[in-house]
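Asker: Any chance you can model this:
(one chain, ligands or ions: 1)
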Amino acid sequence: MTGAIFFSSKYGSTAQYARWIGEATGLPVFDIKDAKADPASYDFLILGSPILYFRLSIRKWVKGHLAGLGGKPICLFSVSGAPAGPKLDGWIAKSLPESFIKKMHHVALRGRQVPKELSWYDRMMLKIGAMANRDPEARKQELHGFDFVDKTSIAPILKWVQQWQASQMSS
Ligand SMILES: Cc1cc2nc3c(=O)[nH]c(=O)nc-3n(C[C@H](O)[C@H](O)[C@H](O)COP(=O)(O)O)c2cc1C
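Answerer: Predicted coordinates:
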């Protein structure tokens, strides 16, 4: 029974989490941009994706691979500025099919945003978004960035892998 980690990342924080999970579990790690990465050949999957512009950036890849992903145990970790809660759940609901969400296990991790590392377009869009944002904390983060990346926050994902592997050994 073998698993793998597939991630998408624009500015590196989701890639960092995927590498940490890979180191801790020994599972192979694939960037979804790598055409050779085939989820169909694994028994269980960990998918990692940032929330960019209120959507999971991995959503198109998931929809394109639904046939190969269907029926497998899946743990999705999202990486976002917003913490776990209804706002994040709403963005995930708008990104993935309902049937897929019902079966997957979700772990919400928090990311990093460094204004000087962003593309000009992203920086402008975040400035415009901040002007319209009524949540003062979210507005501050959009304008000035944040760093919530925390290696210890992967613990629930490691636990999910251990529990799944243990259930396979006992069956
Ligand atoms: C252009 C842009 C849009 C973003 N949109 C959101 C968003 O809608 N909601 C949110 O909670 N975080 C948002 N974020 C924060 C990202 O989820 C966070 O920076 C994450 O760590 C990025 O992952 P990456 O480094 O793997 O690309 C956004 C960040 C950027 C740069």
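Asker: Helices of this protein, start to end?
Answerer: 13-25, 59-64, 66-69, 86-93, 98-103, 120-132, 136-144, 155-170 (DSSP state H).
Asker: tilt between the first one and helix 155-170?
Answerer: Read that as helix 13-25. 40 degrees (axes from the mean of the first three to the mean of the last three C-alpha atoms, to 10 degrees).
Asker: Against residue 58, how distant is residue 68?
Answerer: 14 Å (C-beta to C-beta, to the nearest Å). For glycine as for every other residue, the C-beta is placed from the backbone atoms N, C-alpha and C.
Asker: I meant residue 64, not that one.
Answerer: Residue 64 is 10 Å from residue 58, where distance means C-beta to C-beta.
Asker: Next: residue 158.
Answerer: Residue 158 is 20 Å from residue 58, by C-beta to C-beta.
Asker: These two: which is more packed in?
Answerer: residue 58 (23 against 14; other C-beta atoms under 10 Å).
Asker: List the contacts of the more buried one.
Answerer: Neighbour list for residue 58: 6-8, 32, 47-49 [criterion: C-beta atoms under 8 Å, 6 or more residues apart in numbering].
Asker: what comes up buried for the lowest-mean-pLDDT helix or strand in the chain?
Answerer: Ranking every helix and strand in the chain by mean pLDDT, DSSP states H and E puts helix 66-69 at the bottom, with a mean of 88. If you call a residue buried by 16 or more other C-beta atoms under 10 Å, then helix 66-69 has these buried ones: residue 69.
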